[in-house]
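In: okay, structure incoming, though there's no sequence with it:
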């Protein structure tokens, strides 16, 4: 019997996503915990009127990043659940449904990783904002940085 994508999906293929999804969810949780701790510190700074404009920008950035992490986790969990559902349909011999659901699982995993990329970019901006009040910190391009690094050695 010819299947939709031209191949039969075995239980092993969706099962391959389990360790990847588990590791990425652990990384997401660690990022969330780090942000939670940072929010507490920034909240105290904001209440004490210390550098309020910088702290406000950081808090705004963190609120958005927390929402991104929540969505990253949601899509990661959805990917894991869809992989399990796909394995169930393989088990009861509904290959076409299993392939379709596994495809959706891969897409949700990709969305989760894409959101992670956006969050990483925002975390870099947050660090730049933290350092913005320090004089003498220029933002060189990667090539300039490497050139200066090798000139010193």
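Out: Looks like it came in fine. Computed from a predicted model, the values in this text were never measured in an experiment.

In: what residues sit buried inside the helix or strand hosting residue 68?
Out: According to DSSP states H and E, residue 68 maps onto helix 52-91. Within helix 52-91, the residues that count as buried by 16 or more other C-beta atoms under 10 Å are 54-55, 57-59, 61-62, 65-66, 68-69, 71-73, 75-76, 78-80, 82-83, 85-87, 89-90. Every C-beta, even on glycine, is put in place using the N, C-alpha and C of the backbone.

In: repeat for stretch 27-34
Out: Under the neighbour-count criterion of 16+ other C-beta under 10 Å, stretch 27-34 has 28, 31-32 buried.

In: what is the burial count for residue 20?
Out: Residue 20 has 14 neighbours, counted by other C-beta atoms under 10 Å.

In: look at the residue lying closest to it once chain neighbours are set aside and report its pLDDT.
Out: Excluding its sequence neighbours, the residue lying closest to residue 20 (C-beta to C-beta, 6 or more residues apart in numbering) is residue 109, at 7.7 Å. Looking at residue 109, its pLDDT is 93.

In: what packs against the helix or strand containing residue 109?
Out: Assessed by DSSP H and E, residue 109 sits inside helix 95-131. For helix 95-131, the elements it packs on are helix 12-15, helix 17-47, helix 52-91, judged by 3 or more C-beta pairs under 8 Å, 6 or more residues apart in numbering; DSSP states H and E.

In: just the angle between it and helix 52-91, please?
Out: Relative orientation of helix 95-131 versus helix 52-91 (axes from the mean of the first three to the mean of the last three C-alpha atoms, to 10 degrees): 170 degrees.
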